[in-house]
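Asker: got a predicted structure here, sequence first:
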Amino acid sequence: MRRYVAAIDQGTTSSRCIVFDRHGRVVGVAKREHEQIFPRPGWVEHDPETIRRDTEYVLGAVLEQLDLTAADIAAVGVTNQRETTVVWDRATGEPIHNAIVWQDTRTDRLVTELGGDLGPTRYQDRTGLPLSTYFAGPKLRWILDRVDGARERAEAGELCFGTIDSWLLWNLTGKHVTDVTNASRTMLMDLRTLRWDPQICAEFGVPEAILPEIRSSSEVYGEITSGPLTGVPIAGILGDQQAATFGQACLSPGEAKNTYGTGNFMLLNTGTTPVLSKHGLLTTVCYRLGDQPAVYALEGSIAVTGSLVQWLRDNLGLISSAEEIEPLARSVEDNGGAYIVPAFSGLFAPRWRPDARGVVAGLTRFVTKAHLARAVLESTAFQTREVVDAMRADAESERLGLELTTLKVDGGMVGNDLLMQFQSDILDVPVVRPVVNETTALGAAYAAGLAVGYWPSTDDIVANWTADTTWRPTMSAEVREAHLTAWNKAVERTYNWVD
C-alpha cells in the first residue's frame, strides 16, 4: 500500500515538494528559492532551466529527508505559478528565451493593439479575462515576435509553449499537456468548450501547433521517467490559486478562499456555469475532475502583497527578514497616516489600471519605518477589501446567493497575526485559517490522489479540512470608513503615471 501523495509546488519565488498523508497532513517539505530577473523596469523573468533543476532537486531531497522511495508515493500532483510563459525546442527541450513571469508588463502596448476598437473586453465573453499584460497569450506572442526565427519554427511545429505546469510535465514525463485551469489563464481557451479557440489564436498570431493538449485537472498524464520517483504517475495539475481553492475544500457554489502569497488571489466557486463579472473580476476554470463537468470561479487577482514585504526588505533594507515585519509594525499603534499602494505592475482586480504605478501617500516627519511596515501589511488587507466588494456586487447582480460570513485564508502571510486581525477588521467578518496552511500544494495532492484512488471521493477532502485560528472584527465602523476613504485617495494618486 503506497502511503503518501507528493505535490510539486512551483511558485513565483521558490520550488517545493511537499509530501502529504491520507489525512492531508504535511509529512515533509523540501524547498529551493530561485532568482528573480529584472532586465528592465516592469520586466520580470525566470530561468526555466533553474526551475527544472530545482524541481528535480526538491523531489529527491524530500524523499531522502523522509527515508522514502518511489514505492511509498501513490502519485504526484503539480501546482504552479500561473500565466508565466515558457517556449522551448521540441527536439532538444532547450528554452528559446527566459520565462516571462505573470507580473511582467512588457506587453502593455501589445494588449492595447489586440483590443483594437473594442478595448480590453474584446475576448472577455469567450475567455472570461480582460486583455491584460497578466495573461500568457500576449507573453507568447511577444516571444514569437521578438526571438529570431521563433515564429517560423513555431509554425513548423518545432517549438512548444507552456505555462510552468507544461514545462515541468514535459521534463518529467515527456508529455506536452496542460490542464483546464492553466489553459484558462492564457486568453486562448474558450471557457465553455474547454478547447483552444482557433479565431483568438489566429488574431493573437499564435500557431496552434505550439500549444499543449488540454486535459482535466485530475487524471494520469504520464509516469516520471527518471530520478528517485521513476514510475510514479503525475496525476493532478492545478494552477496555484485553483489548487488552494480545492485544498480549502471550497467545493460548493458560494464558497470562497483568499491566498496570501507573492500576490493575493481570492476565488469564489460559482458552480458548473461560468459567470461573467461586471465588477472587474476574472472568470476562470476552478477545476475539472476527470470527465466530470468543469467547475468555474470568479477571481480577484492582486499583483503585489507578499512581494511588497520583500520590497521593504530587499529594496529599502528596512527589515532583514520577512519575519521582522510583524514586531516592527506592532511597535506603533497605527500607520501614522501613511498608505502604500504597490502598483508596481499597474493595478489588477478590480480596477485594472495598467497606467498606475506605486505610491506612498500621507508622509509626514512623524512617520517612521515602523509606520511604513504597518502600511505594507495594511495594503494587503485594503486590496482584499476591494476584491470582496466586487464579489459581493457580482453575487448580488447574478443572484448567486452569496453572503460572505467568513473568509478562509491560506498562504505564507497568514502566519502574521497582526495582518489577519486587520483583515478581519477591514472586512468586518471573521477570518479563518485552517490547521493545514499548505493548501495550494494540498489541492494538487488531492487532485492526484483522487485520480489514482488514494482518496475515494471529494468527501475525504471536506472531512480533512479543520479550522485552526479565527480572527473576529473589533474595529468600529467609523474607523473602518476613515481608513477606506484614505486608502481610496491614495489609490487614485497612482493613476495616469504611465502614458
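Answerer: In hand now; what should we look at? Numbers count the residues shown, from 1 in each chain.
Asker: drop to CA atoms for contacts and neighbour counts, all remaining ones
Answerer: Fine.
Asker: so where is the stretch 351-499 of the chain shaky, pLDDT-wise?
Answerer: 397-404 (pLDDT under 70).
Asker: ranges for the strands of it?
Answerer: 359-361, 407-410, 431-434, 467-471 (DSSP state E, counting those that start in this stretch).
Asker: any idea which of these is most buried?
Answerer: Most buried of these, by mean neighbour count (mean count of other Cα atoms under 10 Å): strand 407-410, with a mean of 23.
Asker: contacts for it, please.
Answerer: Outside strand 407-410, the residues within contact range by Cα atoms under 8 Å, 6 or more residues apart in numbering are 244, 248, 256-260, 429-434, 437-439.
Asker: ditto for stretch 450-465
Answerer: Under Cα under 8 Å, 6+ apart, the answer for stretch 450-465 is 22-24, 74-75, 218-220, 235-236, 247-249, 290, 434-436, 446, 449.
Asker: which among those end up buried?
Answerer: 22, 24, 74-75, 218-220, 235-236, 247-249, 290, 434, 436, 446, 449 (16 or more other Cα atoms under 10 Å).
Asker: just the ones of the residues you listed in helices?
Answerer: 247, 446, 449 (DSSP state H).
Asker: if I look at the residue of the chain most remote from its centre, how far off is residue 375?
Answerer: Centroid-distance maximum for the chain: residue 365 at 37.5 Å, with Cα atoms, centre = their mean. Separation of residue 365 from residue 375 (Cα to Cα, to the nearest Å) stands at 15 Å.
Asker: how about residue 275?
Answerer: 34 Å.
Asker: can you check residue 13 too?
Answerer: 23 Å.
Asker: residues near residue 417, how many?
Answerer: Residues lying near residue 417 (other Cα atoms under 10 Å) number 13.
Asker: residues near residue 389, how many?
Answerer: So residue 389, with other Cα under 10 Å, has 14 neighbours.
Asker: tally of neighbours for the nearest residue to residue 424 once chain neighbours are set aside?
Answerer: Leaving aside its sequence neighbours, residue 424 sits nearest to residue 473 (Cα to Cα, 6 or more residues apart in numbering; 5.0 Å). Using other Cα under 10 Å, residue 473 has 17 other residues around it.
Asker: quick one, what contacts residue 473?
Answerer: Residue 473 touches 421-422, 424-430, counting by Cα under 8 Å, 6+ apart.
Asker: again, only using 7 Å
Answerer: 424-425, 428-430 (Cα atoms under 7 Å, 6 or more residues apart in numbering).
Asker: and the helices in the stretch 101-250 of the chain?
Answerer: Under the criterion DSSP state H, counting those that start in this stretch, the stretch 101-250 of the chain carries helices at the ranges 108-115, 124-127, 136-146, 150-155, 164-173, 180-183, 198-204, 240-247.
Asker: any regions of the stretch 1-150 of the chain where pLDDT drops low?
Answerer: Those would be 1, if you go by pLDDT under 70 across the stretch 1-150 of the chain.
Asker: can you map out the strands along it?
Answerer: Using DSSP E, counting those that start in this stretch, strands in the stretch 1-150 of the chain cover 4-10, 14-20, 26-33, 45-46, 73-80, 85-89, 99-100.
Asker: what's the closest non-adjacent residue to residue 252?
Answerer: In space, residue 252 is closest to residue 269, 6.4 Å off (Cα to Cα, 6+ apart).
Asker: revised request: answer the last question for residue 347.
Answerer: residue 353 (4.9 Å).
Asker: over to residue 80?
Answerer: residue 10 (4.6 Å).
Asker: wait, that neighbour touches residue 79, no?
Answerer: Yes: taking Cα atoms under 7 Å as the definition, residue 10 is a contact partner of residue 79 at 6.2 Å.
Asker: which residues touch residue 39?
Answerer: Contacts of residue 39 by Cα under 7 Å, 6+ apart: none found.
Asker: ah, wrong one, I meant residue 222
Answerer: Here residue 222 is in contact with 173, 233-234 (criterion: Cα under 7 Å, 6+ apart).
Asker: against residue 118, how distant is residue 55?
Answerer: Look at residue 55 and residue 118: by Cα to Cα, they are 42 Å apart.
Asker: same question, residue 144
Answerer: 24 Å.
Asker: same deal with residue 320?
Answerer: 47 Å.
Asker: and those two? Which one has more around it.
Answerer: The neighbour comparison of residue 320 against residue 118 (other Cα under 10 Å) goes to residue 320, with 13 against 10.
Asker: what about the more buried one? Give its phi and psi, please.
Answerer: phi -100, psi -10 (degrees, to the nearest 10).
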